[in-house]
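Asker: Sharing a model that was predicted from the sequence below.
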Amino acid sequence: DVKVTQSSRYLVKRTGEKVFLECVQDMDHENMFWYRQDPGLGLRLIYFSYDVKMKEKGDIPEGYSVSREKKERFSLILESASTNQTSMYLCASSITALGQDNQPQHFGDGTRLSIL
Amino acid sequence: GNSVTQMEGPVTLSEEAFLTINCTYTATGYPSLFWYVQYPGEGLQLLLKATKADDKGSNKGFEATYRKETTSFHLEKGSVQVSDSAVYFCALMGRGADGLTFGKGTHLIIQP
């Protein structure tokens, strides 16, 4: 089974801090994604990456950046944390199967981040 | 752009009742469609998927059929159990490696 591991289940940080959320997958997937989940809003895509050192903006990239130095690891960075970034953050990965249908994304258990 | 609309919750049913959670979508081209489930305190798990019109995805007694004519992908189960209590998300993916577009989720509560 695919394993997507997020480094922390719960995290508390202060306004203005630089925050790193780490995600590692063990299935050699090309694609990795970061979402945030908020009540009444569902999941919204922040950034994604389809290869090492590649990144693409999702629907809500403002206030975030990402890093993909190795294929298995995709980091989400809050440059200067703000209270409106308090949320559940979910990482996902998927494989690119050339000539085949879209492959499903596999999710980690999430990091619940609180910004005080 | 792409969008997914699913029925608002919470949906409360008794054990062994029939379940339908409606999902409709707007997308260009021919997206793939998914249902994910999130149990309390956990991440999302893929429940089922369909990649082309008239495909039926099924898993754990749940089914959904990709209806292009009505742009729908309704989730059904004939007899729900207490263990099915969770939040269910309908989602679509366009062609390529883009991210998923999710509905807002439906909280399902099954009472014994």
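Answerer: That came through fine.
Asker: all contacts plus neighbour counts: C-alpha atoms, from now on.
Answerer: Fine.
Asker: How about the contacts made by the closest residue to B:Leu44 other than its chain neighbours?
Answerer: Leaving out its chain neighbours, the residue that sits closest to B:Leu44 by C-alpha to C-alpha, 6 or more residues apart in numbering or on different chains is B:Gln38, at 4.7 Å. For B:Gln38, the contact set (C-alpha atoms under 8 Å, 6 or more residues apart in numbering or on different chains) comprises B:44-45, B:86-89.
Asker: Against B:Gln45, how distant is B:Gln38?
Answerer: According to C-alpha to C-alpha, to the nearest Å, B:Gln38 stands 6 Å off from B:Gln45.
Asker: what do these two both touch?
Answerer: Counting by C-alpha under 8 Å, 6+ apart, B:Gln38 and B:Gln45 have no common neighbour.
Asker: ok, B:Gln6 touching B:Lys104?
Answerer: Yes. In terms of C-alpha atoms under 8 Å, B:Gln6 counts as a neighbour of B:Lys104; the distance is 6.9 Å.
Asker: So these two - more neighbours on which side?
Answerer: Using other C-alpha atoms under 10 Å in any protein chain shown as the criterion, B:Gln6 and B:Lys104 rank with B:Lys104 on top: 25 against 22.
Asker: residue contacts, the more buried one?
Answerer: A:40-43, B:5-6, B:8, B:89.
Asker: How about the helix or strand of chain B with the lowest mean pLDDT and chain A, any contact?
Answerer: The helix or strand of chain B with the poorest confidence is strand B:101-102; it has a mean of 91 (mean pLDDT, DSSP states H and E). Yes. Contact of strand B:101-102 with chain A (C-alpha under 8 Å from any C-alpha of the partner chain) involves B:101-102.
Asker: got the phi/psi numbers for the closest residue to A:Phe48 other than its chain neighbours?
Answerer: Nearest-residue entry for A:Phe48: A:Phe33, 4.2 Å, with adjacent residues in sequence omitted and distances by C-alpha to C-alpha, 6+ apart. Dihedral pair for A:Phe33: phi -140, psi 150, per degrees, to the nearest 10.
Asker: From what I see, A:Phe33 and A:Ile95 are in contact.
Answerer: No. With contact defined as C-alpha under 8 Å, A:Phe33 does not reach A:Ile95; the gap is 11.7 Å.
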